[in-house]
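Engineer: can you look at this prediction? I've put the sequence above it.
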Amino acid sequence: MAWPGTPPARRCGGVSLLELLIAVGVLSLLAATTVPLVSRSSHPTQATEGAERVAAALRLARDESLRTASPHGVAFTPGTASDTLKVYVLNTASPPVPQYTVRNPLSRQLYVETLGAGSRLADARLQAQPVVTGAGNTTALSFSADGAPAITQGSGLLRLSGASARVRVTAGAHIRDVLVAVETGRITIQ
């Protein structure tokens, strides 16, 4: 019995099973339509992040060349499922031979990056001949002791001239180019 002036008793609110099933169905429908949109939009991000990794390796090789006054470079190895890039120091033998002893300054591990399968950037890939220069295509780009871009040819380093050297990273239809200016050694991403 209710006292005069008191509100009537209310039923405690809850969610019925039918309401819960409808909410779960709507959320499932939203998730099913959003996932393909997110995966398609990750291609530009993966191309950019892959290009940033390539640029970081090239910058480290150039900086180490200037710091130590010995040639350094980056070797690119395109594969069927994944691609690797490794920073190296060139020994002084004739012909110069890359020695993969350069360490990442942050992790202190040998400087090796992977693009493609087995990496966070599963869709980011390098071209078959990743380095395009005025002298032709190759799989490595070096920097002379004074930081100038070069390629190994014969028994020594050939300094690049003419157009910028380019390393192309793709993810789906998205392309990012890492450019190395031959005059200055400046490394940019386009």
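Structural biologist: All right, it came through fine.

Engineer: show me where the protein has helices.
Structural biologist: Taking DSSP state H as the test, the helices found in the chain are 17-68.

Engineer: quick one: residue 91 and residue 73 touch, right?
Structural biologist: No. Between residue 91 and residue 73 there is no contact under Cβ atoms under 8 Å: 12.0 Å. For the C-beta atoms, the positions are set from N, CA and C on the backbone; glycine is no exception.

Engineer: so for the two, which sits in the more crowded spot?
Structural biologist: Remark: of residue 91 and residue 73, residue 73 carries more neighbours, 29 against 14, as counted by other Cβ atoms under 10 Å.

Engineer: which ones are touching the closest residue to the more buried one other than its chain neighbours?
Structural biologist: Here the nearest residue to residue 73 in space, its sequence neighbours aside, is residue 142; by Cβ to Cβ, 6 or more residues apart in numbering that works out to 3.3 Å. Shown here is residue 142, whose contacts under the criterion Cβ atoms under 8 Å, 6 or more residues apart in numbering are 61, 71, 72, 73, 90, 149, 150, 151, 152, 157.

Engineer: can you check residue 182 too?
Structural biologist: When contacts are taken as Cβ under 8 Å, 6+ apart, residue 182 is in contact with 134, 148, 149, 159, 160, 161, 162, 163, 164, 165.

Engineer: count the neighbours of the second one for me.
Structural biologist: Same thing as residue 148. Residue 148 has 20 neighbouring residues, counting by other Cβ under 10 Å.

Engineer: how about it, nearest residue that isn't a chain neighbour?
Structural biologist: The nearest residue in space to residue 148 (Cβ to Cβ, 6+ apart) is residue 159, at 5.3 Å.

Engineer: tell me, how many residues neighbour the one you found?
Structural biologist: Residues lying near residue 159 (other Cβ under 10 Å) number 15.

Engineer: same question for residue 67.
Structural biologist: The local packing of residue 67 (other Cβ under 10 Å) involves 10 other residues.

Engineer: since that was my last question, I'll sign off now.
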